[in-house]
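Trainee: Fold the following for me, if possible:
(one chain, ligands or ions: 1)
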Amino acid sequence: MATNYGGYMGKVLRINLSTKEVSEYPFSDEERKLYIGGKTMAAKILSDHLTGNEKAFSEDNLLVITTGPMTGSGAPSSSRFNISTLSPLTGYITSSNCGGNFGYYLKKAGLDALVISGKCENPTWIEIQNDTVLFHEADDLWGLKTSETQEKLDEKLTMKNGRVRKNGKICIGPAGENQVLYASIISNERVSGRGGTGAVMGWMKLKAVCASGNKEVKVIEKEKMVKHTQKWFKYLRKHPLTGNQLPKMGTAGLVSAMQMKSILSTKNYQYGQYDKFEDISGEKLAEEYNIVNKGCLTCPIRCARTVEVNGKQVKGPELETLVLLGSGILNNDLKSILRWNYELDELGMDTISCANTLSYAMEANEKGLWDNGLVFSEIDDISKVFEDIAYARGIGAELALGSKRLAEKYGGKEFAINAKGMELAAYEPRKTVGLGLGYAVSNRGGCHLNGGYLVILEGLGLSIDPTTPRGKADLTMMFQDLMEMISATGQCLFTSYAFFPSPLMNHPNSWYTKLVNKILPYCGGVVRFINKFPEIAFFHLPVFHHTKAFELVTGMKMPFGNYLRAGERGYNLERIVNARFGVDESKDSLPKRLTDVPQDPNKPETKVPLETMKKVYYKARGWDEKGLPTKKTIERLKLDGDVRDKG
Ligand code: SF4
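Mentor: Next comes the predicted model:
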């Protein structure tokens, strides 16, 4: 359906793999205004199809690949695309935001999104070139690892003149083919990692999708956007987080700060500090292993590292992988983590869920619950274990199920570190309790980003009291909604780091930063008021360039308040769909290790006061005591059409 807005290509394609039918999926301008793009657009499409009775591995599930209106607009860090589906790991919606180049090329093909359903009879890959969709046999690709698959696809896309047609691709590895519940999808070296999107693609017998074309993204106020973008690039390059820390050390640079704040998950989240943390730090990675910095298209931050593994230059590990395969399993051999990171991407597996499942298994073995041969700090055979997981062999077939299912079988639920079935990120939440709340209520499970990433206020940017519940619920809601919308527009969440004024980051010990740290927890009421009436922010904030850029690209009015509201709508929409699958207050939980056992035995406050924060959070969100949006909230967010009885 054509669009009057800029930023959109005006076409969503529905592809049925069972019948090989291709048709246009109707998505109107009215819907674009409410559901923007990315994960929110995907949530709307899933909402219109899922009743609560479907299973992830079934023809009733959809794999929805969406871009946002900012994807390919030239704005900083705007090459992102999103993949949403019913997760085989959690049983609820998962959404995974990815860099790479697929989103950009999908738009070049004239498409905003793909809605894929059904199942191929034989392994297949799809070629999209402008308006043409071709289905190809993928017998020769099936079984290949992800970089080999992408190389072979480039061979197939080589034109008569010997050049490879410019294209963006996504593909799965052996883990997706064998339906490891946390299998990922790869685009270049970037990963759609969380929730098992790759397993759904594998179940569909869809090995890869390639997109190419020559369409242009329409920008409504082109000249003004160019000027605004230049200003924005400059701002990001000058900001201490996006212009210094992330380019210098990537997310890996946070390891040392996490150690200092006692939030470095160690030995399966038993502790918040690791005595050998320096061996796995971002500093060591930068000094000894980093060859060059890399970035996604149009990104001035360039947070990715390149390292050498087996004589090949490959993507280095992110913070999560460093920590969870480092201190998480008591391993201080950085070289092994670089190699495993590469191997897991090659096999197509989420490093976070895989590492946490491994550390659960090690602890279960140590406690005598499950005799599996896996031991903390013994790392010689780990590469083989990863291969076994990807090919679902021996003990690997069990580890492929994730920590929640294993704990149900072998016991040890209190140390199976997941929320809603998805393993937590690397931040130990007992000394960043706002993030603990975020992990528990997050729509896709134990995710720091979908959870609002409050750790940036509780120690990694600002330093507000990390163990007080005060103010955390309202701040969590605000940050969740903000990130929801950044993701929906097709931009990288790291651009939000520049939201924090530079002087506060540059001078953590100044009187004004200390004052902000002191008073922020007491601002819950003010934050609640803004969350409730975001329309009062009818302007653009000088530290947040996203809103003006959105207006210049799309032609839609989007002051800061509207931006927040749109994020809130997206967040609630996913919750409403998840409620059809049984999500309510009882599912917003954390393992007992984090809520009942203080990290520091002498400080009872060093555990997550989840129930206290949840009550305030539900109130702030306008949800009832069961954790579901009230009628009033649903009406306010114009989500009436998305509420339906299960069945
Ligand atoms: S900040 Fe990193 S992940 Fe985000 S767009 Fe840039 S390079 Fe990609």
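
Trainee: Quick one: neighbours of the closest residue to Leu50 other than its chain neighbours, just the number.
Mentor: Of all residues beyond its chain neighbours, the one nearest Leu50 is Val577 (6.0 Å), with distances taken as Cβ to Cβ, 6 or more residues apart in numbering. For every residue, glycine as well, the C-beta is placed using N, CA and C. Val577 has 25 neighbouring residues, counting by other Cβ atoms under 10 Å.

Trainee: Check which helices and strands the helix or strand containing Val577 is in contact with.
Mentor: Assigned by DSSP states H and E, Val577 falls within helix 560-580. Counting contacts by 3 or more Cβ pairs under 8 Å, 6 or more residues apart in numbering; DSSP states H and E, the secondary-structure elements packed against helix 560-580 are helix 29-35, helix 38-49, strand 93-98, helix 472-489, helix 524-532, helix 546-554, helix 631-636.

Trainee: and the residue lying closest to Asp474 once chain neighbours are set aside, what is it in contact with?
Mentor: Taking Cβ to Cβ, 6+ apart as the measure, Asp474 lies nearest to Val527, with 4.0 Å between them; neighbours along the chain are not counted. Counting by Cβ atoms under 8 Å, 6 or more residues apart in numbering, Val527 touches Gly471, Asp474, Leu475, Met477, Met478.

Trainee: Surely the third one touches Gly524?
Mentor: Yes: using Cβ atoms under 8 Å, Leu475 makes contact with Gly524 at a distance of 7.4 Å.

Trainee: what about these two, which has more around it?
Mentor: Between Leu475 and Gly524, Leu475 has the larger neighbour count (other Cβ under 10 Å), namely 26 against 19.

Trainee: quick one: the more buried one from the ligand, how far?
Mentor: For Leu475, the distance to the ligand equals 23 Å [Cβ to the nearest ligand atom, to the nearest Å].

Trainee: So that residue versus Gly316, what's the distance?
Mentor: When Cβ to Cβ, to the nearest Å is applied, the distance between Leu475 and Gly316 equals 32 Å.

Trainee: cool, and Tyr618?
Mentor: Tyr618 sits 40 Å away from Gly316, taking Cβ to Cβ as the criterion.

Trainee: What pLDDT does the model give Gly295?
Mentor: Note for Gly295: predicted pLDDT of 88.

Trainee: Which stretches in the stretch 401-550 of the chain count as helices?
Mentor: Chain-ordered helices for the stretch 401-550 of the chain, with DSSP state H, counting those that start in this stretch as the definition, fall at 403-410, 433-441, 472-489, 502-506, 511-519, 524-532, 546-554.

Trainee: Export those as TSV, with columns for mean pLDDT.
Mentor: Supplementary listing: the helices of the stretch 401-550 of the chain in TSV, determined by pLDDT from 0 to 100:
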stretch	mean pLDDT
helix 403-410	98
helix 433-441	98
helix 472-489	97
helix 502-506	90
helix 511-519	95
helix 524-532	94
helix 546-554	98
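
Trainee: what sits against the nearest residue to Val583 once chain neighbours are set aside?
Mentor: Distances taken as Cβ to Cβ, 6+ apart place Tyr92 nearest to Val583, at 5.9 Å, with adjacent residues excluded. When contacts are counted by Cβ under 8 Å, 6+ apart, Tyr92 touches Leu86, Lys420, Asn443, Arg444, Gly445, Val577, Asn578, Phe581, Val583.

Trainee: do the same with Gly213
Mentor: Tyr105, Lys108, Ala109, Gly110, Ile128, Gln129, Asn130.

Trainee: wouldn't the first one be in contact with Val209 here?
Mentor: Put plainly, it is Tyr105. No: assessed by Cβ under 8 Å, Tyr105 is found out of contact with Val209, at 10.2 Å.

Trainee: How about the residues of the stretch 151-300 of the chain by the ligand?
Mentor: Counting by Cβ under 6 Å from any ligand atom, the stretch 151-300 of the chain comes close to the ligand at Gly295, Cys296, Cys299.

Trainee: picking up where we left off before, pick the most deeply packed of the helices of the stretch 401-550 of the chain.
Mentor: Sort the helices of the stretch 401-550 of the chain by mean neighbour count, taking mean count of other Cβ atoms under 10 Å, and helix 433-441 sits at the top with a mean of 30.

Trainee: what angle do it and helix 472-489 make?
Mentor: Put simply, helix 433-441 runs at 60 degrees to helix 472-489, going by axes from the mean of the first three to the mean of the last three Cα atoms, to 10 degrees.

Trainee: any idea how far the residue of the stretch 301-450 of the chain found nearest the ligand is from Lys55?
Mentor: Among the residues of the stretch 301-450 of the chain, Cys303 lies nearest to the ligand; the distance is 3.4 Å by Cβ to the nearest ligand atom. Relative to Lys55, Cys303 is positioned 36 Å away (criterion: Cβ to Cβ).

Trainee: neighbour-wise, which of these two wins?
Mentor: Neighbours of Cys303 and Lys55, each counted by other Cβ under 10 Å, are more numerous for Cys303; the result is 25 against 12.

Trainee: By mean pLDDT, flag the weakest helix or strand of the chain.
Mentor: Lowest on mean pLDDT, DSSP states H and E among the helices and strands of the chain sits strand 292-294, with a mean of 87.

Trainee: And the contacts of that one?
Mentor: The contact list for strand 292-294, computed with Cβ under 8 Å, 6+ apart, reads Glu189, Pro247, Gly250, Arg302, Cys303, Ala304, Arg305, Thr306, Gln313, Lys315.

Trainee: Identify the farthest-apart pair in the residues you listed.
Mentor: With distance counted by Cβ to Cβ, no two of these lie farther apart than Pro247 and Gln313, which are 18.3 Å apart.

Trainee: Neighbour count: these two, which is higher?
Mentor: Set side by side, Pro247 and Gln313 give different neighbour counts by other Cβ under 10 Å, the larger being at Pro247 (19 against 12).

Trainee: Could you say which helix or strand holds that one?
Mentor: Using DSSP H and E, the element containing Pro247 is helix 246-249.

Trainee: what packs against the very next helix or strand once past that helix?
Mentor: Following the chain from helix 246-249 toward its C-terminal end, the next helix or strand by DSSP H and E is helix 254-260. Judged by 3+ Cβ pairs under 8 Å, 6+ apart, the packing partners of helix 254-260 are helix 282-284, helix 319-324.

Trainee: okay, those in CSV with distance to Thr633 and mean neighbour count next?
Mentor: Putting these into CSV (distance: least, Cβ to Cβ, whole Å; neighbours: other Cβ atoms under 10 Å) gives the following:
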stretch, distance to Thr633, mean neighbour count
helix 282-284, 41, 19
helix 319-324, 33, 28
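
Trainee: circling back to that earlier point, what pairs with the least confident helix or strand of the chain, and is each one parallel or antiparallel?
Mentor: Neighbouring strands of strand 292-294 in its sheet, by DSSP bridges, are strand 304-309 (antiparallel).

Trainee: where does this structure dip in pLDDT?
Mentor: Counting by pLDDT under 70, the ranges of the chain that qualify are 1, 645-647.

Trainee: what residues go with each domain of it?
Mentor: Under the assignment named as automatic domain parsing, the residue ranges that make up the domains of the chain are 12-212, 251-423, 432-642.

Trainee: so how far is the first one from its chain's centroid?
Mentor: Between the centre of domain 12-212 and the centre of its chain there are 15 Å (Cα atoms, centre = their mean, to the nearest Å).

Trainee: cool, the shortest one as well?
Mentor: Taking Cα atoms, centre = their mean, one finds the center of domain 251-423 at 17 Å from the center of the full chain.

Trainee: before we move on, what about the longest one?
Mentor: Here domain 432-642 is found 15 Å from its chain centre; the criterion is Cα atoms, centre = their mean.
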